[in-house]
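Trainee: What would the 3D arrangement of this be:
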Amino acid sequence: MMKSETPADVLARDGGRPVRTEPFPNWPNLGQEEIQAAVEVLRTGQFTRLSGQKVMTFEHAFAKKFGRKHGIAVSSGTSAIQVILMAYDIGPGDEVIHTPHCYIGTALPTVAAAAIPVFADIDPREFNITGETVAAKVTSRTKAIVPVHLNGLPADMDGIMAVAEKHGLLVIEDAAQAHGATYKGRYAGAIGHAACYSFWEDKLMSVGGEGGMIILDDDEVALRAKMISNNGEVPDEGDYYEGERLYEHAMLGYNNRMSELEAAIGMVQLGRLEGYIKQRRENAHYLTELLANVPGIITPYEPQDRMHVFYKYMITLDRKVLGVSAKEFVAALQAEGIPCSRRYPTPIHMQGVFTQLRGFGGSRAPFCPPWYDGELEYGPGHLPVAEKLPNDLVRLLMNPELSKKDLEDTAIGVRKVAAAYVK
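Mentor: Okay, here's the model as predicted:
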């Protein structure tokens with residue numbers, strides 16, 4: 001007697017056949033141009049911006065691409081935010097409004113500047129802070145707003161800029177996930193007073209590991225940012241004067257410099273960015289089409305006035321239809337051979353560094369007097385949307401290297417798992 005085959009709808013985690021057994025393509029996939037650019041730098045022996053010209057070239061090209069006057073290349077997206085906050089003289093006692101739904105690297109720079117992160121709730125479809133949620137958090141201590149264009153979708157910049165103008169606040173765009181995204185025809189990153197980008201390895205463009213960029217128009221603040229990122233050193237022409245470096249340090253700073261090697265790779269990647277975006281959007285829209293009628297699956301929201309660049313492709317589980325949490329869904333989908341994960345399971349305002357007020361030197365500084373005497377709203381119960389969403393969001397793989405077959409297998413896996421949990 002022949003043994004019957006396992007039905008195709010049995011989940012792999014329950015002993016069924018997985019949808020996919022072959023690996024998905026890697027991202028990033030740096031090519032021969034990037035390798036050659038790196039080799040050329042290695043052969044020169046000029047590895048830092050103090051001896052070479054690659055970093056300066058990359059700064060100018062990146063700023064020009066996004067319509068800004070100045071670019072300051074730094075060591076990471078996180079350091080970019082810290083440097084620009086310090087360049088704007090944000091410090092002890094000041095409040096900076098952040099999103100609670102993101103990587104913590106968007107908020108820790110505020111603490112590193114000895115200021116206080118204040119968290120505003122997010123829109124349930126866009127996953128970004130909005131003008132309305134930000135307005136509710138403004139106090140007499142507020143100095144800046146740092147909206148994140150999460151997953152590649154620009155935030156509500158009209159609303160946020162209106163709040164900033166009303167209260168005289170700075171807007172520093174965190175565009176680490178949104179290189180090339182647009183808001184009403186303008187680039188994300190070209191709307192606020194300044195913007196910060198990340199070139200970490202899986203971003204829309206990479207410099208081969210870590211790296212970041214600040215872009216802005218203000219000459220004085222740009223000079224300060226350049227100094228802060230270089231240990232507070234006063235720049236001369238080419239950082240030298242008559243062949244002699246002065247080693248004059250006029251302000252507090254850190255070594256946040258980008259290397260020549262990273263800048264060389266960055267220049268190649270910048271040239272590839274538009275092609276990357278085009279393919280990401282084609283892939284994302286095809287996946288949306290494949291998932292359009294899956295019960296309990298809500299595909300990414302894309303307002304007509306914004307161009308989403310799909311750094312991440314997020315689906316939302318409709319819990320009225322599906323009797324499963326994001327954690328359970330992810331485990332079942334991974335067993336089907338489909339790459340996926342939850343998205344920021346613990347909101348930033350519920351992270352231990354904030355709930356336990358872990359400050360400098362084992363103290364509570366800067367969260368307590370004499371540095372700060374305001375009311376802190378860390379921990380659960382303050383931001384209902386941001387606290388609910390981690391149970392509903394699932395990240396699916398999205399990058400320019402995915403084939404139609406990869407996307408189709410992803411959709412088959414999602415459909416299979418969702419069907420198993422329909423109430």
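Trainee: in the chain, which spans are strands?
Mentor: 70-74, 95-98, 116-119, 142-145, 170-174, 182-183, 186-187, 194-198, 212-216, 297-298, 306-307, 313-317, 340-342, 393-396 (DSSP state E).
Trainee: Can you say which of those is nearest to residue 16?
Mentor: The closest of the strands of the chain to residue 16 is strand 340-342. By CB to CB, the value is 17.4 Å. (Each C-beta comes from the backbone N, C-alpha and C, glycine too.)
Trainee: Return the distance of the closest one from the chain's centre.
Mentor: Centroid displacement of strand 340-342 relative to its chain, using CA atoms, centre = their mean, to the nearest Å, is 16 Å.
Trainee: helices and strands around that strand, which ones?
Mentor: The helices and strands touching strand 340-342, judged by 3 or more CB pairs under 8 Å, 6 or more residues apart in numbering; DSSP states H and E, are helix 326-335, strand 393-396.
Trainee: quick one, which of the ones you listed is packed in tightest?
Mentor: Most buried of the helices and strands packed on strand 340-342, by mean neighbour count (mean count of other CB atoms under 10 Å): strand 393-396, with a mean of 22.
Trainee: Could you export it as CSV, CA atoms only?
Mentor: The C-alpha coordinates for strand 393-396 follow below in CSV (Å, rounded to 0.1, in the frame of the first residue of the first chain):
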residue,chain,number,x,y,z
LEU,A,393,3.5,43.7,11.4
VAL,A,394,5.5,41.2,9.3
ARG,A,395,8.5,42.2,7.1
LEU,A,396,8.9,40.4,3.8
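Trainee: what pairs with that strand, and is each one parallel or antiparallel?
Mentor: With DSSP bridges as the test, strand 393-396 is paired with strand 313-317 (antiparallel), strand 340-342 (antiparallel).
Trainee: Would you mind checking the average pLDDT for it?
Mentor: What strand 393-396 shows for mean pLDDT is 98.
Trainee: got a list of what the nearest residue to residue 324 once chain neighbours are set aside touches?
Mentor: Distances taken as CB to CB, 6 or more residues apart in numbering put residue 421 closest to residue 324, at 3.9 Å, once the chain neighbours are dropped. By CB atoms under 8 Å, 6 or more residues apart in numbering, residue 421 lies in contact with 296, 322-324, 328-329, 332.
Trainee: what do you get for residue 313?
Mentor: Here residue 313 is in contact with 151, 284, 287, 300, 395-398 (CB under 8 Å, 6+ apart).
Trainee: again, only this time at 7 Å
Mentor: Contact analysis of residue 313 by CB atoms under 7 Å, 6 or more residues apart in numbering lists 284, 287, 300, 395-396, 398.
Trainee: Low-confidence ranges, the chain, go.
Mentor: By pLDDT under 70, the low-scoring segments of the chain are 1-6, 236-243.
Trainee: wait, which of the contacts of residue 421 is closest to residue 405?
Mentor: Relative to residue 405, the closest of these is residue 332; by CB to CB it sits at 21.3 Å.
Trainee: surely that closest one meets residue 10?
Mentor: No. Residue 332 is not in contact with residue 10 according to CB atoms under 7 Å; the separation is 11.3 Å.
Trainee: Show the contacting residues for the residue nearest to residue 144 when sequence neighbours are not counted.
Mentor: Leaving aside its chain neighbours, residue 144 sits nearest to residue 170 (4.0 Å; criterion: CB to CB, 6+ apart). Neighbour list for residue 170: 88, 143-144, 193 [criterion: CB under 7 Å, 6+ apart].
Trainee: Between which two of these is the distance greatest?
Mentor: 143 and 193 (11.5 Å).
Trainee: if we can go back for a sec, closest one of the contacts of residue 421 to residue 204?
Mentor: Out of the contacts of residue 421, the member with the shortest distance to residue 204 (by CB to CB) is residue 329, at 26.1 Å.
Trainee: Please enumerate the helices of the stretch 1-150 of the chain.
Mentor: For the stretch 1-150 of the chain, the helices defined by DSSP state H, counting those that start in this stretch occupy 32-44, 54-65, 77-87, 108-112, 131-135.
Trainee: Mean neighbour count, these: which tops it?
Mentor: helix 77-87 (a mean of 28).
Trainee: rewinding a little: where's the residue nearest to residue 144 relative to residue 255, distance?
Mentor: Using CB to CB, to the nearest Å, residue 170 is found at 25 Å from residue 255.
Trainee: quick revisit: the strands paired with strand 393-396 into CSV, with extra columns for distance to residue 53?
Mentor: Below are the strands paired with strand 393-396 laid out as CSV (distance: least, CB to CB, whole Å):
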stretch, distance to residue 53
strand 313-317, 38
strand 340-342, 40
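Trainee: deepest of these, which one?
Mentor: Mean neighbour count (mean count of other CB under 10 Å) peaks for strand 313-317 among the strands paired with strand 393-396, with a mean of 23.
Trainee: and that strand, how far out from the chain's middle?
Mentor: Relative to its chain's centre, strand 313-317 lies at 17 Å (CA atoms, centre = their mean).
Trainee: Now it - C-alpha only, PDB.
Mentor: The C-alpha trace of strand 313-317 is given here as PDB (Å, rounded to 0.1, in the frame of the first residue of the first chain):
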ATOM      1  CA  TYR A 313       8.000  45.600   2.500                       C
ATOM      2  CA  MET A 314       5.600  45.400   5.400                       C
ATOM      3  CA  ILE A 315       2.300  43.500   5.600                       C
ATOM      4  CA  THR A 316      -0.200  44.100   8.400                       C
ATOM      5  CA  LEU A 317      -2.100  41.200   9.800                       C
END
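Trainee: the inter-axis angle of that strand versus helix 326-335?
Mentor: 120 degrees (axes from the mean of the first three to the mean of the last three CA atoms, to 10 degrees).
Trainee: returning to that earlier point: from the contacts of residue 421, which is closest to residue 363?
Mentor: Closest approach between the contacts of residue 421 and residue 363, by CB to CB: residue 328, at 40.5 Å.
Trainee: Compare the strands paired with strand 393-396 and report which one is nearest to residue 350.
Mentor: Of all the strands paired with strand 393-396, it is strand 340-342 that lies closest to residue 350, at 14.4 Å by CB to CB.
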